[in-house]
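In: build me a model from this:
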Amino acid sequence: MPLLSLLDRSRSVAPPGYSRWLVPPAALAIHLSIGQVYAFSVFKIPLSRLIGGAHAAPDDWSLATLAWIFSIAIVFLGLSAALFGAWLERVGPRRAMFTAALSFGGGFWVAAAGVALHQLWLVILGYGVLGGIGLGLGYISPVSTLIRWFPDRPGMATGMAIMGFGGGAMIAAPLSVSLMTRFAGVAPQGVVPTFLVMGAAYFVYMMFGVFTIRVPPPGWAPAGWVPNEKRRAAGPETSVQNAWTSPRFWLVWVVLCMNVTAGIGILEQASPMIQELFKGRVAAAAAAGYVSLLSLANMVGRFVWSSVSDYLGRKATYATFFALGAALYASVPSLGAAGALPPFVIVTALLLSMYGGGFATVPAYLRDLFGTMQVGAIHGRLLTAWSVAGVLGPLLVNRIRDAQLAAGVPRAHAYDMTMYVMAALLAVGFVSNALVRRPAV
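Out: I've put the predicted structure just below:
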């Protein structure tokens, strides 16, 4: 079909004189859309009251049950990125981004049918499975393209796009609430029409990215660019199969998993944590503002830290994350005990900036180690670490907190052990990162 032929890799090769600075907006169109997943929590209470209305009815879905929708979406993000990474490298970013738009936008529509019929399995299939596949393909699609366009600044380039994933929730959260309020009289809690509108809107916006993305011509390089050690020339070209069996890959897998586990645990529990640590001083509204601040730190950290890594080096940047992060996590119990609210906010915001920075820096780290030939596919396999961390982090935080409360520990100190565990995880990441050896080019 002529329309589908526009998705061919050959049709997306940039013409002579094309500005590489037109590529980041295409990547941002994808990442700002799929970043909506971080705002899924705004749907949890409305979804738990579809039958009861103002209060949950016996047949309504519980909040604990609804939490699985988000978890399954993150799991399928990692799985689809791992499974389809090599396919992406073969067919090019345009076809992969189109598939991501269909899956992510269509997932909202399938989920809307599940809500209308009150069938949880259909909501999970739509938002969790189909939407999760869209997340995975959309997340990795622009990465290898950006790295090829910016061999002189790969960290900054990937940071520009992945920053959008961290900031997508800042758009999606108020948009979702506004739409549900607008449609409250049309359907229970306004969720069904909201899902339909958002699915269509995200599909259209992602299509902007699909048809504006370009790949560089073979042999292209920035004018006057000469690779040097400071700017971290790419490593020897490695296939995804060889990278997958390399000790370097699994060391970086542990690096990402430890960094994400520590950060996502705080992000998932941020609002109740600050209210319990500073009881009587932080109301629910202020806690919501704190969560927004952490999201902002997560977003900004993705661009700032990945840009810094172009000069400091990827290994040194991660060493900073782990050494500084472990010290900061270990300081949180003392800050809570002292009632030092402003320092607590600053410390946790810095921790979340490094959490986001870890996501944005790792594609360039892989490029340094394995070259650019199949870096998208290798990155996809690595994102299985995110799938593991997305379950492990919240599980650790909540289980340790519950165990501490059951043992009679006051709520203000229920997170002390958790913070020390997170510091220990970062110590594991520090050792793994130290063991990574960059191959000779």
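In: every contact and neighbour count from this point should use C-alpha atoms.
Out: Fine.
In: so which elements touch the host helix or strand of L396?
Out: Assigned by DSSP states H and E, L396 falls within helix 384-406. Applying 3 or more C-alpha pairs under 8 Å, 6 or more residues apart in numbering; DSSP states H and E, we find helix 384-406 packed against helix 63-91, helix 247-277, helix 416-435.
In: repeat that with 7 Å
Out: Taking 3 or more C-alpha pairs under 7 Å, 6 or more residues apart in numbering; DSSP states H and E as contact, the helices and strands that helix 384-406 lies on are helix 63-91, helix 247-277.
In: where in this structure is pLDDT low?
Out: Along the chain, the parts satisfying pLDDT under 70 run over 1-4, 227-235, 265, 268-269, 271, 284-285, 288, 440-441.
In: one step back: buried sites along the helix holding L396?
Out: 384-394, 396-398, 400-401, 404-405 (16 or more other C-alpha atoms under 10 Å).
In: quick one: buried residues of stretch 258-276?
Out: So for stretch 258-276, counting by 16+ other C-alpha under 10 Å, buried means 258-268, 270-271, 273-276.
In: nearest to Q374, of the helices and strands packed on helix 384-406?
Out: Set against Q374 and scored by C-alpha to C-alpha, those come closest in helix 63-91, at 6.2 Å.
In: next SSE after that closest one?
Out: Trace forward from helix 63-91 with DSSP H and E and the next one is helix 93-117.
In: that next one vs helix 63-91, what angle?
Out: Angle of helix 93-117 versus helix 63-91, following axes from the mean of the first three to the mean of the last three C-alpha atoms, to 10 degrees, is 160 degrees.
In: which residues does helix 93-117 contact?
Out: Helix 93-117 is touched from outside by 7-9, 88, 120, 122-123, 126-127, 130-131, 133-135, 137-138, 141-142, 192, 195-196, 199-200, 202-203, 206-207, 210, 213, with contacts defined as C-alpha atoms under 7 Å, 6 or more residues apart in numbering.
In: turn the helices and strands packed on helix 384-406 into a markdown table, including distance to Y290.
Out: Formatted as a markdown table, these follow (distance: least, C-alpha to C-alpha, whole Å):
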| stretch | distance to Y290 |
| --- | --- |
| helix 63-91 | 21 |
| helix 247-277 | 7 |
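In: right, and these - which one's nearest V240?
Out: Closest of the helices and strands packed on helix 384-406 to V240 is helix 63-91, at 7.3 Å (criterion: C-alpha to C-alpha).
In: the closest one - contacts with which helices or strands?
Out: Applying 3+ C-alpha pairs under 7 Å, 6+ apart, one finds that helix 63-91 makes contact with helix 131-149, helix 375-382, helix 384-406.
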